[in-house]
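[1] here are the coordinates; sequence isn't available:
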């Protein structure tokens, strides 16, 4: 099949690489290079980096994909595959390939439409998440489901789930393209009564509220790892918390004030609404990620 691919982050790379091996990949579309890091240096996205390894496949980075409509129409595409591209597509773009556009989405649609489905699923305490292969329509993630498979979240963080779903997405995409007409014929409409939205992440949302329960806080820590990372203030320092655990030390006072920080030998505990939480891996402002024991050693110097 003649395929164009639109995607941007690491999550989309396995699907792109599969298409290059298994099909006639004729175009790759991704977001423009962005300023990143302290030096604000222009940096290519993961898809551009991966596609640069292919021979003879053009890479397009339009500010708006609508600029590419004449190009896409001239390519005589069978289908376009979209994986976390970052822009909504107009009806003109969606209708330009013979079989339209399909999307690899990292949730069990209609749950968690939108920008941050993995993070929101973990943050909400969902037991399962998964991949949905969806026929794209003009609305936000509201097309018919061609194929769907779930995985159990367990105690994994967002980074671990992202890697697992990227691999699963590649496999389901490959399966759906083997007989796309059949999957489109049997596609299922989404139940509108079950829709919820995975709104975009920002740093302010990552701040830990110690008035919440231990369950909610630990879910947030896993959900915001590796980005933007849950954070709090410890001894007047802004500290990111990558990993933490519930403390089951019966010696700790149960009536301590919420937000109390207690150092016990080589451990640090913080009181939340219903328990104590022990950070395991942290990152003080301006420093590298470290074990909590190394953080505590730094306080004693």
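    Everything's here; your move. Remember, it's a predicted structure, so these values are computed and weren't measured experimentally.

[2] rest of the way, CA atoms for contacts and neighbours
    Will do.

[3] state the mean pLDDT of stretch 141-151.
    Averaged across stretch 141-151, pLDDT comes to 98.

[4] gap between it and the chain center?
    With C-alpha atoms, centre = their mean, to the nearest Å as the basis, stretch 141-151 stands 16 Å off its chain's centre.

[5] what of stretch 199-213?
    Worked out by C-alpha atoms, centre = their mean, stretch 199-213 lies 16 Å from the chain centre.

[6] first-to-last residue distance for that stretch?
    One end of stretch 199-213 sits 22 Å from the other (C-alpha to C-alpha, to the nearest Å).

[7] buried residues, it. List them.
    For stretch 199-213, a neighbour-count test (16 or more other C-alpha atoms under 10 Å) marks 206, 207, 208, 209, 210, 213 as buried.

[8] before we move on, what about stretch 144-152?
    Quick answer for stretch 144-152 (16+ other C-alpha under 10 Å): 144, 145, 146, 147, 148, 151.

[9] stretch 178-189 now?
    Judged by neighbour count (16+ other C-alpha under 10 Å), stretch 178-189 contains these buried residues: 180, 183, 184, 187.

[10] pLDDT averaged over it - what is it?
    If you average the pLDDT over stretch 178-189, you get 98.

[11] related to what we said a few turns ago, and the buried residues of stretch 199-213, which is closest to residue 269?
    Of all the buried residues of stretch 199-213, residue 269 sits closest to residue 210, with 11.9 Å by C-alpha to C-alpha.

[12] let me know whether the closest one touches residue 272 as I believe.
    Yes: contact criterion C-alpha atoms under 8 Å: residue 210 and residue 272 qualify, at 4.6 Å.

[13] what is in contact with those two at once?
    Each of 258, 259 lies in contact with both residue 210 and residue 272 under the rule C-alpha atoms under 8 Å, 6 or more residues apart in numbering.

[14] the helices in the chain, which residues?
    13-22, 46-51, 69-74, 91-94, 117-123, 158-178, 180-185, 214-223, 292-300 (DSSP state H).

[15] among those helices, show the one with the smallest mean pLDDT.
    Here these differ in mean pLDDT, and the lowest is helix 292-300 at a mean of 89.

[16] using a markdown table, lay out the buried residues of stretch 178-189 together with distance to residue 114.
    A markdown table is the format used below for these (distance: C-alpha to C-alpha, whole Å):
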| residue | distance to residue 114 |
| --- | --- |
| 180 | 24 |
| 183 | 23 |
| 184 | 22 |
| 187 | 20 |
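
[17] closest to residue 76 among the residues you listed?
    Residue 76 lies nearest to residue 180 out of those, by C-alpha to C-alpha, at 17.0 Å.

[18] what residues are up against that closest one?
    Neighbour list for residue 180: residue 99 [criterion: C-alpha under 8 Å, 6+ apart].

[19] shift numbering so it begins at 42
    In the new count, where the first residue is 42, that last one comes out as residue 221.

[20] now it: how far from residue 241?
    Here residue 221 is placed at a distance of 31 Å from residue 241 (C-alpha to C-alpha).

[21] right, and residue 200 touches residue 270 too?
    No: the criterion here is C-alpha under 8 Å, and residue 200 misses it with residue 270 at 10.9 Å.

[22] who has more neighbours out of those two?
    Legend: neighbour count by other C-alpha atoms under 10 Å for residue 200 and residue 270, higher for residue 270 (22 against 17).
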